[in-house]
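Trainee: need coordinates for the following:
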Amino acid sequence: MESRRRDMELLSNSLAAYAHIRANPESFGLYFVLGICFGLVLTLCLLVLRLSCRSPARPPPHARDLSEEEEEEEDEEEDTIDRMASESLLPVTEIPLESHGPGDGAVAINVFTSAEELERAQRLEERERIIREIW
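Mentor: Have a look, this model is predicted:
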């Protein structure tokens, strides 16, 4: 009996709502449009909140980026080698230009003062050769 009473209440309320909407269609239209606008504003706010709270995604590095990073590291190593050679307390021997003829294209060459500097220079030359082969 209880379920029959609930069904009758639901039917009665539905008929009353239908009668009210039928008597006042402007108010129904107004509430309907207000509900849609409220839903859209709420959705927009939640979307903005989601985008602002999400951490920025990083794109994977490309092959060019990796080669540029390697070149930067090599430049840093060159600077370190040059700085260490200039700060070295040991004398650095240079081969003068006069010993070569003017047309052979010789340049003054720094002779390394330690085995570490020589090893670093060799590694740097090897890396440069590999990069030239890749390009």
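Trainee: now the strands for this protein?
Mentor: Assigned by DSSP state E, the strands in the chain number zero.
Trainee: which helix or strand in it has the lowest average pLDDT?
Mentor: Least confident helix or strand of the chain, by mean pLDDT, DSSP states H and E, is helix 63-87 with a mean of 58.
Trainee: and residue 131, how many residues sit next to it?
Mentor: Applying other CB atoms under 10 Å, we find 13 residues neighbouring residue 131. All C-beta atoms are positioned from the backbone trio N, CA, C, and that covers glycine.
Trainee: so how far is residue 125 from it?
Mentor: Separation of residue 131 from residue 125 (CB to CB, to the nearest Å): 11 Å.
Trainee: residue 14 now?
Mentor: Taken as CB to CB, the span from residue 14 to residue 125 is 88 Å.
Trainee: what does residue 25 give?
Mentor: Relative to residue 125, and taking CB to CB, residue 25 is found at 87 Å.
Trainee: just residue 8 next, same as before
Mentor: 95 Å.
Trainee: may I see the buried residues of the longest helix seen in the chain?
Mentor: Across the chain, the longest stretch assigned as helix under DSSP state H is helix 25-53. By 16 or more other CB atoms under 10 Å, helix 25-53 has no buried positions at all.
Trainee: quick one: mean pLDDT for it?
Mentor: For helix 25-53, the mean pLDDT works out to 94.
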